[in-house]
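*Asks:* Quick one, fold the following:
(one chain, ligands or ions: 2)
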Amino acid sequence: MKTVLPVTQSFRWISETQQPFLIAGPCSAETFEQLEGTAWALTKLNVNLIRAGIWKPRTRPNSFEGVGEIGLEWIKEIQQKTKIPFIIEVANPRHVESALKHNISHFWIGARTTANPFAVQEIADSLKGTQTNILVKNPINPDLALWIGALERLNNANITNLAACHRGFSFYGKSPFRNPPHWEIPLELRRQLPTLPLLCDPSHICGNTTLIKEIAQQSLDLGFNGLMIETHLNPQNALSDSHQQITPLELKNLLNSLIFKHSDSQDDLYKRQLDNLRIQIDELDDNLLEIIAKRMQIVKHIGLLKAENQVQYFQFERYKELLESRLVAGEKLNLSSEFTTRLLQLLHLEAIQEQAKNE
Ligand code: PEP
Ligand code: MN
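*Replies:* Ligands and ions are numbered 1, 2, ... in the order given. Predicted coordinates:
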């Protein structure tokens, strides 16, 4: 199914200034004073929306699960004073209903909720006929169809002010990131839905404060339209996600240090140089495809030979040897071992699938 998301109002998620569309604020609303203090500090940084979790989806019970309804009263009052709208997470129709009663019209759908089509459908139904703006975080698992499915459910409920947010993906094992980014997934989302504004949440990707700048810059370099960054007056004492929140002053320094590059340049010399280099890349890609096609012809031949001789098409020793020797060759050519491994695995998988056809 092809989704056509409306273009007309998507500018709501795109900053009109040089700065990216910026959402900042605490992981969770904790007290009225905390929320009001943060909001006033953020008014000086031209943030577009202030975030605050009211109901927190926590992995383990007995963690702080949010202040609940009382936080909506705080938001209503603070929004009125600072004139900056808040955005909160909603995970079910009750959340939507209560929030709407408190003049909140920007919601994000959290990663755990996006992964659940029943929950998304219920939220979409409860939003029908409202003038709301919805930011859909990627599902916790790297599944683009699930992410698009959530956007479609909202779109089918006539919610047109949609945006997507990359917050990284769950994994098991060691990583410098809490939720490692998979840039290829939001970029494929952009290819399929080019008019949909795309934001990045470096805080939940990183899970710490040291990598936030790098991830924020990377997302901007990849053409993301905005950032969501958790900001707390006193991060050490935050009731949730204390390791990844930064102070408003740190946010200010971060924004000053980010480089906002142009999406393109009309400079003549630049364009000529680029065209020239691209012609070379195009030629090389043609050669590359021809070589891969030749390789596949030989793969087919080997497949027939194995079949005739009743030999299994997957031969582990050969696979191991191939990978190891190419890794050494790749290294000598300055290719990263990660890239060479992925490329060879891809080629080998295709070869195996081709040879399996003889079975
Ligand atoms: C959050 O933004 O506080 C949050 C819980 O995010 P996620 O759904 O990305 O985990
Ligand atoms: Mn958080």
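*Asks:* Tell me, please, where in the stretch 151-300 of the chain the pLDDT is lower than the cut-off.
*Replies:* By pLDDT under 70, the stretch 151-300 of the chain contains no weakly predicted segment.
*Asks:* so what's the closest residue to ligand 1 within the stretch 201-350 of the chain closest to, chain neighbours aside?
*Replies:* Proximity to ligand 1, evaluated over the stretch 201-350 of the chain using Cβ to the nearest ligand atom, is greatest for residue 204 at 4.4 Å. No exception for glycine: its C-beta is placed from N, CA and C like everyone else's. Leaving aside its chain neighbours, residue 204 sits nearest to residue 167 (4.2 Å; criterion: Cβ to Cβ, 6 or more residues apart in numbering).
*Asks:* What residues does the one you found make contact with?
*Replies:* 111, 137-138, 179, 200-201, 204-205, 228 (Cβ atoms under 8 Å, 6 or more residues apart in numbering).
*Asks:* Excluding chain neighbours, give the residue nearest to the residue of the stretch 1-150 of the chain at minimum distance from ligand 2 in space.
*Replies:* Here the stretch 1-150 of the chain gets closest to ligand 2 at one residue, residue 27, 3.3 Å apart by Cβ to the ion. Using Cβ to Cβ, 6+ apart and skipping residues adjacent in sequence, the residue nearest residue 27 is residue 241, 4.0 Å away.
*Asks:* Could you report the separation of the one you found from residue 213?
*Replies:* 18 Å (Cβ to Cβ, to the nearest Å).
*Asks:* Phi, psi for the residue of the stretch 151-300 of the chain found nearest ligand 1 please.
*Replies:* Proximity of the stretch 151-300 of the chain to ligand 1 (Cβ to the nearest ligand atom) peaks at residue 167, 3.8 Å away. Reported as degrees, to the nearest 10, the phi and psi values for residue 167 are phi -120, psi 20.
*Asks:* Can you convert the contacts of residue 167 into CSV and add a column each for neighbour count and secondary structure?
*Replies:* Listed next are the contacts of residue 167 as CSV, based on neighbours: other Cβ atoms under 10 Å; DSSP: H, G, I helix; E, B strand; the rest coil:
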residue, neighbour count, secondary structure
111, 23, helix
137, 25, strand
138, 27, coil
179, 20, coil
200, 28, strand
201, 28, coil
204, 23, helix
205, 23, helix
228, 25, strand
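*Asks:* In CSV: these, plus distance to residue 265.
*Replies:* Conversion of the contacts of residue 167 to CSV gives the following (distance: Cβ to Cβ, whole Å):
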residue, distance to residue 265
111, 36
137, 32
138, 31
179, 34
200, 23
201, 29
204, 33
205, 29
228, 28
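*Asks:* Of the residues you listed, which is the nearest to residue 79?
*Replies:* residue 228 (17.7 Å; Cβ to Cβ).
*Asks:* what's near enough to touch the closest one?
*Replies:* 23-24, 51, 108, 135, 165, 167, 199-201, 203.
*Asks:* out of those residues, which are inside strands?
*Replies:* Residues of the contacts of residue 228 located in strands (DSSP state E): 23-24, 51, 108, 135, 165, 199-200.
*Asks:* Turn the residues you listed into JSON lines, including distance to residue 60.
*Replies:* Output for those, formatted as JSON lines (distance: Cβ to Cβ, whole Å):
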{"residue": "23", "distance to residue 60": "26"}
{"residue": "24", "distance to residue 60": "27"}
{"residue": "51", "distance to residue 60": "23"}
{"residue": "108", "distance to residue 60": "22"}
{"residue": "135", "distance to residue 60": "26"}
{"residue": "165", "distance to residue 60": "24"}
{"residue": "199", "distance to residue 60": "28"}
{"residue": "200", "distance to residue 60": "26"}
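*Asks:* mind putting those in CSV, distance to ligand 2 included?
*Replies:* CSV is the format used below for these (distance: Cβ to the ion, whole Å):
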residue, distance to ligand 2
23, 12
24, 12
51, 9
108, 11
135, 14
165, 12
199, 15
200, 14
